[in-house]
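Trainee: A predicted structure for the sequence below; I have some questions about it.
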Amino acid sequence: MRACLPATLPCPRAAAAGALAAILALGPVGHPAAQPVPEFELGRLFSKLIVQAGLGFARGAVELTYDGIAVDPRSGEITITGLVLRPRLPHDEARACEIGIERVTLADGGRFDRVDGALSLGGVSLPAACLEPEPAELVSALGFPVIEADTVAIDLAYDDTSSALSIDLVAGITNGALITAAADFEYFWFQGVSVDEEVGAEMTDDAELVAILSGAEIMVENRGLFEALEPMIGQQLGDPAAIPAIAQAGLMQALTQEGGRTPTPEEIAFVEELSTALGRFVEEKDRVVVTLAPGAPVRLGEDAFEDPAAAIALLSPRVGAAPAARQQLVAPALLAKASNDRDALSEAERMTVGRAFLTGIGAPRARRDGVELLTPLAEGGSGEAALLVAKALAAEGDPIGAYANALIALAAGESAAAAIADDMEAILDLSEILSLQNEVAPFERDGELVEAADVAGMHALAERLVSGRGGPRNYETALYWATLASASGDRGAAALLRRLDSRYARRAEEAETWANALDEASARALETWIEGGLAERVAVE
């Protein structure tokens, strides 16, 4: 393995080992060395030393100082205050580029199968000297010798199981603009990436991004930037009111390809919508929102943005003054009805208000009210309602309620509930797990499988009952079908039984509960095998 270079910089692995060794050697200051460090304090110190090592490593690329570091292992948050960066830039001979960030917060959700990361910067100051000469001159002329941002935040959620990605960006430029952007990808990853032990992940020459876009939106809200630009626009165009007509003419020229093609009705409608939106913005000086809302997820390739016509056809862009979420606003009268006469709500109204309360889209988030509204729907078998309630209860620290609703959602075909069920099973006792499973989906024989002696079908059903994908999750019923399939010679079913035994029988605190579940499943299977005539039908097959 390569040594870490240069030698004056801490190697990440060595830094981690050194941090751990330092912690193990520490005793609480002013206390006897024999007294153990509390578990929370141990985690906090370890995390802090790792961050310090990372910042030391970063100093190899840029000069930096900071005032302090705060670490909270319980929430996964790391906060750095008073961060100052002084990069060496070829065009900045005077070394005037000094980037200040009052507060940096990093957070991680802490799940193995999902990345829930957030980076938040507060009190950012970026001198124009940090930019290339031409843009630096432009922003200075606009009255921004130092670009200041109240906040810059990036939140992303990446699901390892599906490669789905959601990313949100917010940037508030002081006396300039508020910019928000969001994108949802059904699939997002790179193909053509090689992994080497020494150099890590590396792009190959034919590497490409595989991105399937579900939707995206960007909003630019004016907070003084347009007023700063107006004099310059006036010099160039004479009147800012000419902006919509100029944009419309330029886009139509691009769509017609200098008269070589006729724009489609969809393209013409988009151009007119864009012109209207720009005209309203010039007059109101408030905001412009561009929404990409394809009817179905689209695979983005190199040709997606080759020309405006291709982009419009692929992405179905819309331009307006309000985010798409505002179209989901719940009517105040309906919210009042939900507060004052909840029993009078129809199922559709319950779903609308409950969804808004739990997601915070369309109405202020009110988690407990949302749970109360949607619980009857979940108990009635609504997969969407059960999934929303499961997420809310998991966030509130109610593993029993979250698991019960995740099971209902799974039974209704909501495969996304499987991750919640898995998380709750890591918390609950096996007896609680089995009891809740039997409440949601009690044991039931499939007479057709038995009559047909469909061994492969029995094994497949057992697998589905274990995973919960495509149907309910019930380990005791899965044991029954896997036992029958295994007795019929299905080696895959036998392997499934071994996996379940490995998961539960070896846990001393759960061995007896698991043994009882096995006995119950075996008794049922033996009855079906002998009295149900399955043994005879399998023998004939």
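Mentor: The structure has been received and is ready for your questions. Just so we're clear, the structure is a prediction, and the values are computed from it rather than from any experiment.
Trainee: Helices of the stretch 101-250 of the chain, residue ranges please.
Mentor: Counting by DSSP state H, counting those that start in this stretch, the stretch 101-250 of the chain has these helices, from start to end: 133-141, 225-237, 243-256.
Trainee: Out of these, flag the one nearest Gly362.
Mentor: Set against Gly362 and scored by C-beta to C-beta, the helices of the stretch 101-250 of the chain come closest in helix 225-237, at 29.5 Å. Where you see a C-beta, it was placed from the backbone N, CA and C, and this is true even at glycine.
Trainee: on contacts alone, who are the packing partners of that closest one?
Mentor: Packing contacts for helix 225-237, counted by 3 or more C-beta pairs under 8 Å, 6 or more residues apart in numbering; DSSP states H and E, involve helix 243-256.
Trainee: Just the buried positions in whatever helix or strand comes next after the helix it packs on, please.
Mentor: Going down the chain from helix 243-256, the next helix or strand is helix 265-284, by DSSP states H and E. Judged by neighbour count (16 or more other C-beta atoms under 10 Å), helix 265-284 contains these buried residues: Glu267, Phe270, Val271, Leu274, Ser275, Ala277, Leu278, Gly279, Arg280, Phe281, Val282.
Trainee: List the buried residues in stretch 287-306.
Mentor: Quick answer for stretch 287-306 (16+ other C-beta under 10 Å): Arg287, Val288, Val289, Val290, Thr291, Leu292, Val298, Leu300.
Trainee: same check, this time on stretch 172-183
Mentor: Applying 16+ other C-beta under 10 Å to stretch 172-183 flags Gly172, Ile173, Thr174, Gly176, Ala177, Leu178, Ile179, Thr180, Ala181, Ala182, Ala183 as buried.
Trainee: hey, what's the fifth one bridged with?
Mentor: Spelled out, that is Ala177. Ile173, Asn222 (DSSP bridges).
Trainee: Can you give the contact residues for stretch 517-527?
Mentor: With contacts defined as C-beta atoms under 8 Å, 6 or more residues apart in numbering, stretch 517-527 is touched by Leu434, Phe443, Tyr475, Glu476, Thr477, Leu479, Tyr480, Thr483, Leu484, Ala487.
Trainee: Which residue would you name as the spatial centre of this structure?
Mentor: The residue lying closest to the centre of the chain (C-alpha atoms, centre = their mean) is Ala157, at 2.2 Å.
Trainee: What distance do you get for it to Gly238?
Mentor: Look at Ala157 and Gly238: by C-beta to C-beta, to the nearest Å, they are 47 Å apart.
Trainee: Next: Gly532.
Mentor: Counting by C-beta to C-beta, the gap from Gly532 to Gly238 is 89 Å.
Trainee: Could you do Pro376 as well?
Mentor: Where Gly238 is concerned, Pro376 sits at a distance of 63 Å (C-beta to C-beta).
Trainee: With neighbour numbers in mind, choose between the two.
Mentor: Using other C-beta atoms under 10 Å, the more surrounded residue of Pro376 and Gly238 is Pro376, with 14 against 9.
Trainee: that older thread, tell me the one among the contacts of stretch 517-527 nearest to Asp454.
Mentor: Leu484 (10.3 Å).
Trainee: My guess is the closest one contacts Ile530. True?
Mentor: No: counting by C-beta atoms under 8 Å, Leu484 stays clear of Ile530, with 11.5 Å between them.
Trainee: Between those two, which has more neighbouring residues?
Mentor: Per other C-beta under 10 Å, whichever of Leu484 and Ile530 has more neighbours is Leu484, with 29 against 11.
Trainee: helix or strand for the more buried one, which one?
Mentor: Leu484 is part of helix 475-487, with elements assigned from DSSP H and E.
Trainee: Show me what that helix is packed up against.
Mentor: Short answer (3+ C-beta pairs under 8 Å, 6+ apart): helix 475-487 packs on helix 430-440, helix 455-467, helix 491-504, helix 511-530.
Trainee: go again using 6 Å as the cut-off
Mentor: Judged by 3 or more C-beta pairs under 6 Å, 6 or more residues apart in numbering; DSSP states H and E, the packing partners of helix 475-487 are helix 455-467, helix 491-504, helix 511-530.
Trainee: how about it as PDB, C-alpha atoms only?
Mentor: In PDB, the C-alpha atoms belonging to helix 475-487 read as follows (Å, rounded to 0.1, in the frame of the first residue of the first chain):
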ATOM      1  CA  TYR A 475     -41.900 -15.100   9.600                       C
ATOM      2  CA  GLU A 476     -44.000 -17.800  11.200                       C
ATOM      3  CA  THR A 477     -46.000 -18.300   8.000                       C
ATOM      4  CA  ALA A 478     -42.800 -18.200   6.000                       C
ATOM      5  CA  LEU A 479     -41.400 -21.000   8.200                       C
ATOM      6  CA  TYR A 480     -44.500 -23.100   7.400                       C
ATOM      7  CA  TRP A 481     -44.100 -22.800   3.600                       C
ATOM      8  CA  ALA A 482     -40.300 -23.100   3.700                       C
ATOM      9  CA  THR A 483     -40.600 -26.200   5.800                       C
ATOM     10  CA  LEU A 484     -43.000 -27.800   3.300                       C
ATOM     11  CA  ALA A 485     -40.900 -26.900   0.300                       C
ATOM     12  CA  SER A 486     -37.700 -28.100   2.000                       C
ATOM     13  CA  ALA A 487     -39.400 -31.400   2.900                       C
END
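Trainee: what's the angle from it to helix 455-467?
Mentor: Interaxial angle, helix 475-487 versus helix 455-467 (axes from the mean of the first three to the mean of the last three C-alpha atoms, to 10 degrees): 150 degrees.
Trainee: quick one: helix 475-487 to helix 491-504, angle?
Mentor: Going by the same axes, to 10 degrees, helix 475-487 makes 140 degrees with helix 491-504.
Trainee: buried sites along helix 475-487?
Mentor: Neighbour-count burial for helix 475-487 flags 475-487 (criterion: 16+ other C-beta under 10 Å).
Trainee: now it: mean pLDDT?
Mentor: Averaged across helix 475-487, the pLDDT comes to 94.
Trainee: Could you check the angle it makes with helix 430-440?
Mentor: 90 degrees.
Trainee: what residues does helix 475-487 touch?
Mentor: 443, 455, 458-459, 461-462, 465-466, 493-494, 496-497, 517, 521, 524-525 (C-beta atoms under 6 Å, 6 or more residues apart in numbering).
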